[in-house]
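S.K.: Predicted model follows, preceded by the sequence.
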Amino acid sequence: MLTLALNILDIVQNSIRAKASEISVDIIESKKTDLLEIGVGDNGKGMPEELLSKVTDPFVTTRTTRKIGMGLPLFKYQANLAGGDLSIESGEGKGTRVKVTFILGHVDRQPLGDIAGVMTILMSANPEISFLYSHKTDNGDYRFSSVETKEYLGIKNFNDSHLLMDIKEMINENLKDIGVSDLN
Ligand SMILES: Nc1ncnc2c1ncn2[C@@H]1O[C@H](COP(=O)(O)OP(=O)(O)OP(=O)(O)O)[C@@H](O)[C@H]1O
Ligand SMILES: [Mg+2]
């Protein structure tokens, strides 16, 4: 099944293509409010007003290799199936923020999936980009910064596969500690 983590990967690809140097992924899930919220923010080139108004329509894309952009419309469709929605704020030269909401306990909500794997792959493939990942639950907060981690470890990139596995495992352990359930 397509997971939220894979949808996030797709949304972050847009930020990378928009030449962002900083990308943040924020997840807030609360059993108390029965809500799951995903935010992806970037400081990339942003979108002009007329594109922004059409971008969740599946027949719009600025790609020349392929006519139909499907990332945002599909994610919006998934959110709508689970009682939520997708909204985008963007300004040309300012960056973009995509916000997606779901009813946490909705039967049609996609599972979170391998978010730790997705974040580590993104960080190793894009060493020049600063990634910030934060995850909040009713039990606590977890925050991972690619820049701080590289500084701490005294490295310039995450291209050592053993190190990458360790980091992925550490993120998973921290997510489990705050009660994130549908990881894998
Ligand atoms: N973070 C972003 N910054 C700037 N422009 C964006 C961003 N996200 C989306 N866009 C614009 O919106 C368009 C539609 O995005 P969407 O992800 O739906 O499709 P796509 O990226 O074109 O194709 P696909 O995701 O199917 O490979 C993109 O082509 C791009 O022009
Ligand atoms: Mg896309």
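M.R.: Structure's in. What do you need? Model, not experiment: these values are computed from the prediction. Numbering: from 1, shown residues only. Ligands and ions are numbered 1, 2, ... in the order given.
S.K.: Just the pLDDT at Thr64, thanks.
M.R.: At Thr64, the pLDDT value in this model is 63.
S.K.: Hmm, I typed the wrong one, I wanted Thr61.
M.R.: 66.
S.K.: who in this protein is up against ligand 1?
M.R.: Neighbours of ligand 1 within the chain, by Cβ under 6 Å from any ligand atom: 10, 14-15, 18, 42, 44-47, 51, 55, 61-63, 69-73, 96. In short, each C-beta sits where N, CA and C put it, glycine included.
S.K.: So which bits of stretch 71-87 are buried?
M.R.: Neighbour counts over stretch 71-87 (16 or more other Cβ atoms under 10 Å) mark 71-76, 78-79, 82-84, 86 as buried.
S.K.: re the thing from before, so which of the residues of the chain next to ligand 1 belong to helices?
M.R.: Members of the residues of the chain next to ligand 1 lying in helices (criterion: DSSP state H): 10, 14-15, 51, 71-73.
S.K.: Just the closest of these to Leu132, please.
M.R.: Nearest to Leu132, judged by Cβ to Cβ, of these is Ser15 at 12.1 Å.
S.K.: which residue packs closest to that closest one, ignoring adjacent ones?
M.R.: Asp42 (3.6 Å; Cβ to Cβ, 6 or more residues apart in numbering).
S.K.: In contact with the residue lying closest to Ile115 once chain neighbours are set aside, which residues?
M.R.: Using Cβ to Cβ, 6+ apart and skipping the chain neighbours, the partner closest in space to Ile115 is Ala5 (4.3 Å). Contact analysis of Ala5 by Cβ atoms under 8 Å, 6 or more residues apart in numbering lists 112-115, 117-118.
S.K.: on that earlier part again, buried members of the residues of the chain next to ligand 1 into PyMOL, please.
M.R.: Command for PyMOL that selects the buried part of those, burial taken from 16+ other Cβ under 10 Å:
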select buried, resi 10+14+15+18+42+44+45+46+47+55+61+69+71+72+73+96
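S.K.: Output the below-cut-off pLDDT ranges for the protein.
M.R.: Counting by pLDDT under 70, the chain shows low-confidence ranges at 1, 60-68, 184.
S.K.: before we move on, the earlier item: among the residues of the chain next to ligand 1, name the ones that also lie close to ligand 2.
M.R.: On the criterion Cβ under 5 Å from the ion, 14, 71 are the entries of the residues of the chain next to ligand 1 that sit beside ligand 2.
S.K.: Correct me if wrong: the residue nearest to Ser15 contacts Val25.
M.R.: No - applying Cβ atoms under 8 Å as the test, Asp42 and Val25 come out as separate, 10.0 Å apart.
S.K.: and the gap between the most centrally placed residue in the chain and ligand 2?
M.R.: Residue closest to the average C-alpha location in the chain (Cα atoms, centre = their mean): Ile8, at 3.7 Å. Relative to ligand 2, Ile8 is positioned 12 Å away (Cβ to the ion, to the nearest Å).
S.K.: show me what contacts that residue?
M.R.: By Cβ under 8 Å, 6+ apart, the contact list for Ile8 reads 25, 38, 40, 115, 118.
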